[in-house]
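[1] Structure for this input, please:
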Amino acid sequence: GTLTTEAEVRYFNELDKPVLILDAYHPLFHGDTVVINNVEGARSATEYLIERCSCCPGYIRANTQFPNLRERCEGFYNAIRAAGYHSSQAIVHDVIASTDNACADMLDIIDRKEPLAHAYFCDNDEIAIGAVQAFRQRGISIPEDISIVGFDNMSYSSYVSPPLTSINVPKSYMGRVAAERMLEIIKDELHYPIKIEINTDLVIRKSVK
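    Residues are numbered from 1 along each chain as shown. From the prediction side, this is the model:
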C-alpha cells in the first residue's frame, strides 16, 4: 500500500469487509495498518554517516514524495539537528526515484558543478545505486571520496560495487505480522483498528568510509 491514495482509502473505508494496508499509514483510513519505522531508520542511517565521516551528510531524495519518504526526510533532519548542524547545511539533490534516472540526474548535477557533500543518505537503494554509478562515471570513488547509505536493503544491494550499506526492512516479517492480524480481524467481530510499526536495522557493507 505504499502509494495508496486518499481516494482509494475512502473506497476501502466503505467496504463491508476487513481491510489492512501494508507499508503505508493514512489518518483517514478506518482499518489496520502495518508499517515500518521510517523516521528512526533514516535517523540511524544519518547518525552512522555523521559518526563515520565527521561531517554534515547530504541528502539525495526522490522528487515525488509520499508518506514513507516524508518520514525518512524527517528522520534525516532529526539526526543532523541532533548532531548540531543546521538544516540549511545539508546539501540536497532531488532525483527521479529509479536507478537509471537517478544516475542521469546526478550526472547532470555533477556536470553543472553543483556543490557535493562528502556523504549522502538516499531515500532508497535504487537512488543510492544510481548515484554510485554517476559518481564512478565521473571519477569519484565510493567510499574514498563520498560515502553513501541507502534504504530498503533490496536483494541486489549486496551485489553492486561497492556493496551498499542500507537500512534493512524486514519484509517477510512484516508480511507475517499483517497476515496474522488479518486472521484476528476475521475471527473477531469486534475489534479496534491498530497501527503496528516495525523497526528497521542498519546493514553495514562497503559504501561508507
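
[2] most remote residue from this structure's center?
    E189 (35.7 Å; CA atoms, centre = their mean).

[3] which stretches of this protein form helices?
    With helices called from DSSP state H, the chain shows them at 6-14, 38-53, 67-82, 99-111, 125-137, 171-187.

[4] my guess is N168 contacts N153, does it?
    Yes - judged on CB atoms under 8 Å, N168 makes contact with N153 at a distance of 3.9 Å. C-beta: built from backbone N, CA, C; applies to glycine.

[5] Give me the more crowded residue out of these two.
    N153 (21 against 16; other CB atoms under 10 Å).

[6] which residues touch stretch 88-107?
    Applying CB atoms under 8 Å, 6 or more residues apart in numbering, the contact partners of stretch 88-107 are 56-64, 76-77, 80, 109, 114-117, 123-124, 126-127, 129-131, 133-135, 137-138.

[7] Need the CA coordinates for it. CSV is fine.
    Provided in CSV are the C-alpha atoms of stretch 88-107 (Å, rounded to 0.1, in the frame of the first residue of the first chain):
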residue,chain,number,x,y,z
SER,A,88,20.5,24.6,5.7
GLN,A,89,23.9,23.0,5.9
ALA,A,90,22.7,19.8,4.3
ILE,A,91,23.3,19.6,0.5
VAL,A,92,20.1,18.2,-1.0
HIS,A,93,19.6,16.9,-4.6
ASP,A,94,16.2,15.9,-6.0
VAL,A,95,16.2,13.0,-8.4
ILE,A,96,13.8,10.6,-10.1
ALA,A,97,13.4,7.6,-7.9
SER,A,98,14.8,4.8,-10.2
THR,A,99,18.4,3.7,-10.7
ASP,A,100,18.7,4.8,-14.3
ASN,A,101,17.0,8.2,-13.8
ALA,A,102,18.8,8.9,-10.5
CYS,A,103,22.1,8.2,-12.3
ALA,A,104,21.2,10.6,-15.1
ASP,A,105,20.0,13.3,-12.7
MET,A,106,23.2,13.0,-10.6
LEU,A,107,25.4,13.2,-13.8
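
[8] buried sites along stretch 119-127?
    With burial defined by 16 or more other CB atoms under 10 Å, the residues of stretch 119-127 counted as buried are 119-127.

[9] Give me the pLDDT value at the residue farthest from the centre of the chain.
    For E189, the pLDDT comes out at 78.

[10] Might one say that K209 is in contact with S141?
    No - using CB under 8 Å as the test, K209 is too far from S141 to be in contact (9.8 Å).

[11] between the two, which one's more packed in?
    K209 (16 against 11).

[12] That one and G130, how far apart?
    Separation of K209 from G130 (CB to CB, to the nearest Å) stands at 20 Å.
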